[in-house]
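1. Got a predicted structure here, sequence first:
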2 protein chains.
Amino acid sequence: MQITRETDYAIRCVYYLAGKPDEVTMVDEISKEMCIPKSFLAKILQKLSRAKIVRSYRGVKGGFRLAKRPENISIDDVIKATEGPVAMNICAIDKKQCGFSDRCKIHPVWVSLRKDVEGILKNKKFSQFIA
Amino acid sequence: MQITRETDYAIRCVYYLAGKPDEVTMVDEISKEMCIPKSFLAKILQKLSRAKIVRSYRGVKGGFRLAKRPENISIDDVIKATEGPVAMNICAIDKKQCGFSDRCKIHPVWVSLRKDVEGILKNKKFSQFIA
DNA sequence: CATAACAGGATAGATTTTATCCGATAGAGA
DNA sequence: TCTCTATCGGATAAAATCTATCCTGTTATG
């Protein structure tokens, strides 16, 4: 029922970048400031990059920068980028994963809970967190 | 972000027992009816038993029965019994687990989200699911 | 073209999840 | 009391996932 450490790192990373949305920041700086293992963080930033949450710049003076304004990035976006859609139970995403779904009375609980949690997380934008 | 298969089994198991709250049912029957590996289910039932959600009866004609009425057992109770308190991030349960909590702007998100999810889950009683 | 910094694949160690097995224990009935 | 049955609980193991590192390749700057 918990987010992984990877996702926690990813959120802290985006949080850090949201503090200076117009600068290009090196992995090394984020790593040091946020206490995240550098090589692991590099992998995480690749995922965030593919999800269009950050943009990467190669070469000398390269690094990362948010790809959108902090007010357009939600916690949900970051979770989706690192570990896929939020759900308490896989059957809430894909009914076929569970042989019981059609006659299961609990299935609707997971579906509606998922909707609620997702809604809350979608509304938490990084602009709210900037110091 | 997902419940474990163990918890899913536990919920299905309690759901099954809630269908006949006055009978003592053997592990073997629950196992077969709900498609849960018997030895694994036996372990799960031990946890549910320690959590006072079910009561066990040993010996010939032994088995399990709900320890309370279905209307007094929530999905949250079962999750707590198998995998501990619901939380997206451990810092929402124990601040000390995270060196950032005091100055972390995101911490309150986890705390309030946890409260919301827990509230929803506490309100889902097994009496609502009986056919 | 030398250097700095990210990209991406491979890999490995740690941890957690998902089971299974077996001797012990307790209760029902003969 | 004896025996059979079913749970109890500890030990263990296989599999999956998470966490992290390394190395080679690619790109951009000056």
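-> Nice, thanks for sending it over.
2. tally of neighbours for the residue of chain A found nearest DNA strand C?
-> Nearest to DNA strand C, among the residues of chain A, is A:S56, at 3.1 Å (CB to the nearest atom of the strand). To be clear about C-beta, it is placed using only N, CA and C from the backbone, and glycine gets the same treatment. When neighbours are defined as other CB atoms under 10 Å in any protein chain shown, A:S56 has 16 of them.
3. Over to the one 3 residues further on?
-> Close neighbours of A:G59, defined as other CB under 10 Å, add up to 6.
4. residue contacts, it?
-> By CB atoms under 8 Å, 6 or more residues apart in numbering or on different chains, no residues touch A:G59.
5. just to revisit the earlier point, relative to B:S112, how far out is the residue of chain A closest to DNA strand C?
-> 33 Å (CB to CB, to the nearest Å).
6. again, but for A:D28
-> 34 Å.
7. Get me the contact residues on chain A for DNA strand D.
-> By CB under 7 Å from any atom of the strand, the residues of chain A that approach DNA strand D are A:4-6, A:9, A:37-40, A:42-43, A:57-62, A:83.
8. Among the residues you listed, name the ones in helices.
-> A:5-6, A:9, A:38-40, A:42-43, A:83 (DSSP state H).
9. Could you pick out the buried ones from the residues you listed?
-> A:6, A:9, A:83 (16 or more other CB atoms under 10 Å in any protein chain shown).
10. Quick check: of these, which lies closest to DNA strand D?
-> A:E6 (3.9 Å).
11. Could you report the distance from that closest one to A:H107?
-> Going from A:E6 to A:H107 by CB to CB gives 29 Å.
12. just checking, what packs against the longest helix along chain A?
-> Longest helix of chain A, by residue count under DSSP H: helix A:107-122. Contact partners of helix A:107-122 among helices and strands, from 3 or more CB pairs under 8 Å, 6 or more residues apart in numbering or on different chains; DSSP states H and E: helix A:75-83, helix B:107-122.
13. Now with 10 Å, please.
-> Here helix A:107-122 touches helix A:75-83, helix B:5-18, helix B:75-83, helix B:107-122, going by 3 or more CB pairs under 10 Å, 6 or more residues apart in numbering or on different chains; DSSP states H and E.
14. any idea which of those helices scores lowest on pLDDT?
-> Note on those: helix B:107-122 shows the lowest mean pLDDT, a mean of 90.
15. Which residues belonging to that helix are considered buried?
-> B:107, B:109-111, B:113-114, B:117-118, B:120-121.
16. And the contacts of it?
-> With contact meaning CB atoms under 10 Å, 6 or more residues apart in numbering or on different chains, helix B:107-122 is reached by A:1-3, A:8, A:11, A:75, A:88, A:109, A:112-113, A:116-117, A:120-121, A:123-124, A:128-129, B:74-80, B:85-93, B:95, B:98, B:100-101, B:104.
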